[in-house]
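Chemist: Curious how this folds, go ahead:
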Amino acid sequence: MFYGITSPKFPNLPEIIRKMNPQFSDINGIWHNQNIAIGYNPMVSECERYVVVYNGAIYNIKELRKTLDYQFRTNTDSEVILAAWSKYGSKAVEMLQGGFAFALFDIKEKNIFLVRDRLGIKPLYWCDSVKGFAFSTEIRALVASGVVEPVISPVGLTDFLRYQTVQTPDTILEEVKMSEPGSILTFNTVTGKKTISKYWNIDSFTPKNKISAFEAQETVKELFFRAIEKNLVTDVPFGAFLSGGIDSSAIVGAMAKVSNSRIKTFNISFSEEKFNEAHYARHIAEMHNTEHQEIKLSSSQFLEYLPNAISAMDHPSGDGPNTYIISKIAKDAGISMAFSGLGGDELFAGYAIFQRMVKLEQYRSLWKMPLSIRNSVGKLISSMRPGVASTKMAKLLSMPRFDFSTMYAISRQVLMDNELTNVLNINPLPDHLPITKLRQLNLDKSKQHILSSVSMAEMTTYMHDVLLRDSDQMSVPHALELRVPFLDPDLVEFVLSLPDSIKYPHTPKKLLTDTFPDLLPKYIVNRPKMGFLFPWSHWLKNDLHSYADIRIRKLAKREFFNESAVLKLWEDFLKGDSRINYSRVWLLVVLEEYLSTNLH
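Modeler: Numbers count the residues shown, from 1 in each chain. The predicted model follows:
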């Protein structure tokens, strides 16, 4: 974690750094001059011009050290960043491979540089207010600094209830922003001028239309094993999360082939049998002779973990407790770094939304029909098969025209706008942040690359703003580092470049499973997809009912909410209304707990 502030409003900046994290009692861990303070344990370059604070892991450190004419004093990633920046300036960022965030201050030019890795594996937040400019890897630290007024953003709140998160660069707080992946934010401490530039874009690949399936598989194999090898560069005990699904099974199999030591694997299983996938994980563990640990979780045990998991959230999210629990278990077992299969679904078309978006594209001509006819068809579908899917289909049919970004966003929406109009006292509702973000991408490169368009949409919204943020904020409390080899930029760029004909999931994640038949037996490939889920609906109606009920009733009384509408949503869920799934009410529970814990 790191923290920094520049402000004319506060005379004692090191004291502000200590407020940002009260554990910082040692002033030696803070660097400061007349107008800026940075903590914790920043490093100064050999030329004494640059200061850096850093979080994450850079995998090509050894290679970079050999190319830099620099008198290294340590073996740290931070010093390699300083050496590269001293020689190449901001172009040095393009040389770094890994998951990282860092802040670098140029003492001569008075510029602060905030940098994130290409896919946004590590978080980085900032605030530019009338009180000053501050940055941190944690939102709560910015609030503690006094630079930020902890005011809820109506736009962020609406986005959270729509999509179980808030899309970057916005957050749940009005004054706090999140740095974008693959970006460099530059702030001058004298002029106050701020600029943001991108050094990597997810849509910058060149589509490959003439490539055979065999060629694609051979390249995927090469890039995937290279990604595993890069991520295995570590000097701490490591292991892997193993659900028994395709992604985690491929990673564990590759690790077993590459590593010289026996792999440790971890799996959470459930008392409710239909959510229990432990036997699949056990099969893969036995296949690769891993040191496997299986943890059976009951709802009462989960309830014990839940308050700590939610209180660990630096930003509210509709997901996350699963990662909190398995991270704790892995750390307790002596692991300091764990591999995760995150990114596999997004890259290899593992979600149902991939096939859905392809079908919508195939029926694009429907949107040339008169709106009145489409509305009638939508109402008929909703009445014949009431539920979340039919509600969304009716909404899509009511759109004035076919639009990829809007289609995708509605398909990913949790609470629909008609529900939010009742639940929220916000009128009119703000624009959809994901739609605004996705329209900035080149999502329609060609009809041969619809799956890649969906992948880019997934990676820049749901994956980045839910899965990656949760992975970090749920593992950090346990001092566990998560690594995600599927998000190696070289692998990502290559798979995105491939046409749909090679990737279309006639069977689950066809390109991935065809590439690794030796790592992915049919027993795993053809198993029902369950995902890394908890039996939320059952728990919310039983063991977690009291916990949820208290928080939903408290949230309903807050100023942005319509109390009767919130309570009706909760009551309809408890009655088994098929149009109200668990995710709609769980969002409310998490939000209230976050607000009570962090904003009072």
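Chemist: Listing request: residues of this structure with sub-threshold pLDDT.
Modeler: Filtered on pLDDT under 70, the chain yields the residue ranges 22-28, 271-276, 444-446, 528-534, 600.
Chemist: Tell me which residue is most central in it.
Modeler: For the chain, the residue sitting closest to the mean C-alpha position, by C-alpha atoms, centre = their mean, is residue 468 at 2.3 Å.
Chemist: Confirm that that residue sits in a helix.
Modeler: Yes: counting by DSSP: H, G, I helix; E, B strand; the rest coil, residue 468 is found in a helix.
Chemist: That one contacts residue 342, correct?
Modeler: Yes: contact status for residue 468 versus residue 342: in contact at 7.1 Å, counting by C-beta atoms under 8 Å. C-beta: built from backbone N, CA, C; applies to glycine.
Chemist: okay, and the common contacts of those two?
Modeler: Overlap of the contact sets of residue 468 and residue 342 (by C-beta atoms under 8 Å, 6 or more residues apart in numbering) consists of residue 484.
Chemist: and residue 109, how many neighbours does it have?
Modeler: If you count neighbours by other C-beta atoms under 10 Å, residue 109 ends up with 11.
Chemist: Could you list which residues are in contact with it?
Modeler: Contacts of residue 109 by C-beta under 8 Å, 6+ apart are residue 188.
Chemist: Now do the phi/psi pair for residue 187.
Modeler: Note on residue 187: backbone dihedrals following degrees, to the nearest 10 are phi -130, psi 120.
Chemist: Was I right to think it contacts residue 132?
Modeler: No: using C-beta under 8 Å, residue 187 makes no contact with residue 132, being 10.5 Å away.
Chemist: Pull up the overlap in contacts between these two.
Modeler: In contact with both residue 187 and residue 132: residue 6, using C-beta under 8 Å, 6+ apart.
Chemist: For the residue nearest to the centre of the chain, give its distance to residue 594.
Modeler: Residue 468 is 18 Å from residue 594, where distance means C-beta to C-beta, to the nearest Å.
Chemist: Please apply the same query to residue 77.
Modeler: 32 Å.
Chemist: May I have the phi/psi pair for residue 294?
Modeler: When read as degrees, to the nearest 10, the backbone of residue 294 gives phi -110, psi 130.
Chemist: Measure how buried it is and give me the count.
Modeler: 16.
Chemist: need the contact list for it.
Modeler: 267, 269, 278, 281, 282.
Chemist: Now, those that are in helices?
Modeler: If you go by DSSP state H, those have 278, 281, 282 in helices.
Chemist: Export these to a markdown table and append columns for neighbour count and distance to residue 88.
Modeler: Supplementary listing: the ones in helices among the contacts of residue 294 in a markdown table, determined by neighbours: other C-beta atoms under 10 Å; distance: C-beta to C-beta, whole Å:
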| residue | neighbour count | distance to residue 88 |
| --- | --- | --- |
| 278 | 19 | 49 |
| 281 | 26 | 44 |
| 282 | 17 | 49 |
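Chemist: Closest one to residue 580 out of those, please.
Modeler: Distance to residue 580, by C-beta to C-beta, is smallest for residue 278 among the ones in helices among the contacts of residue 294, at 30.1 Å.
Chemist: Help me confirm that the closest one comes into contact with residue 266.
Modeler: No: under the criterion of C-beta under 8 Å, residue 278 makes no contact with residue 266, lying 11.2 Å away.
Chemist: what's the overlap in contacts for those two?
Modeler: Contact criterion C-beta under 8 Å, 6+ apart; no residue bridges residue 278 and residue 266 by contacting each.
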